[in-house]
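> next input, structure requested:
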Amino acid sequence: MTAVAESTSTPPGTTTRRQRGPVATLRQSATVAWRQLVQIKHSPEQLVEVGIQPVIFVFLFAFVLSGQMDGDRHTYLQFVVPGLIVQSAVLVTARTAIAMNGDVTSGIFDRFRSLPISRTAPLIGRIVADYVMLVWSVVLLLAFGMLLSFRIETSWTRLLPMFLLLLVFSFCLSWAAVYAGLLASNPENVQALAFGLMLPLTFLSSVFVRTDTMPGWLQAVVNLNPVSMLADAIRGLLVSGPIAAPVTKTLIASLVLLAIFAPLALRAYHRER
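Here you go, the predicted structure:
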């Protein structure tokens, strides 16, 4: 936190050297993330909003759609809860785009640019802060799912690699959200753009239904969707099924997302608005 605090007290006319390096970037990113998290105490409804969505979805699929999908609530929950975990990550990522745009349009990022901190720290800090929202959402989802009969059939120790894989994927996908948030001119536009892009990722995937129930031409599209790869990987980790192949595909897809959208987001951030 010292980098931000010290820079604000620098006397006019003096020049403070920008702190560089991985350690400095991590420390500065943590400072920015903490700034975002402190704001939650002034608007705790954010936790309610993020927490209520997964509960509603679990309830909907357990009591409204399970009979149509599998005919048995427990059987369908075993399939759909891992998919809903992935959906939570995608929806929280959409929130990242909206929050990023709000920070930019309010002028906060202009202040960050004037500070002697890493250029990437404000972006990484925003993403890391939303990790808290994601973990909170997934914990509530799992708890409510277990209350309704979802069970981890492999091992509770698989929860740790599941969360790590989810956070890696979320970090890489978040750069696409950051890019969308920086491009949009106002919060209304970014909300339409973020949810317009993120929701098809979940519906054109294996999150809610098995891929083999789809037409052949659609299966090819769904199998290439990184959301499907992550959903299959989490099912393998928590319920049953292959693990190595979907986890490997998810990591490769995550690196591709990072390689494409991180440079675009950084370029958009450096560009004068």
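
> sketch out the strands for the stretch 151-273 of the chain, chain order is fine.
When secondary structure is read from DSSP state E, counting those that start in this stretch, the stretch 151-273 of the chain shows no strands.

> how about the helices of it, start to end?
Assigned by DSSP state H, counting those that start in this stretch, the helices in the stretch 151-273 of the chain fall at 159-183, 187-203, 216-223, 226-238, 244-270.

> mind checking those helices for the one nearest to V92?
Comparing the helices of the stretch 151-273 of the chain against V92 with Cβ to Cβ, the closest turns out to be helix 159-183 (7.1 Å). Placement of C-beta: from N, CA and C, glycine included.

> what helices or strands is the closest one leaning on?
helix 73-105, helix 121-147, helix 187-203, helix 226-238, helix 244-270 (3 or more Cβ pairs under 8 Å, 6 or more residues apart in numbering; DSSP states H and E).

> got CSV for those helices, with distance to T157 and mean pLDDT too?
Shown next, in CSV, are the helices and strands packed on helix 159-183 (distance: least, Cβ to Cβ, whole Å; pLDDT from 0 to 100):
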stretch, distance to T157, mean pLDDT
helix 73-105, 16, 86
helix 121-147, 15, 87
helix 187-203, 28, 78
helix 226-238, 10, 96
helix 244-270, 15, 93
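
> and the ones you listed: which comes nearest I40?
Ranked by Cβ to Cβ, the member of those that lies closest to I40 is helix 121-147, at 8.1 Å.

> any buried residues in the closest one, and which?
Across helix 121-147, burial judged by 16 or more other Cβ atoms under 10 Å covers 121-138, 140-142, 144-145.

> this completes my enquiry, with thanks.
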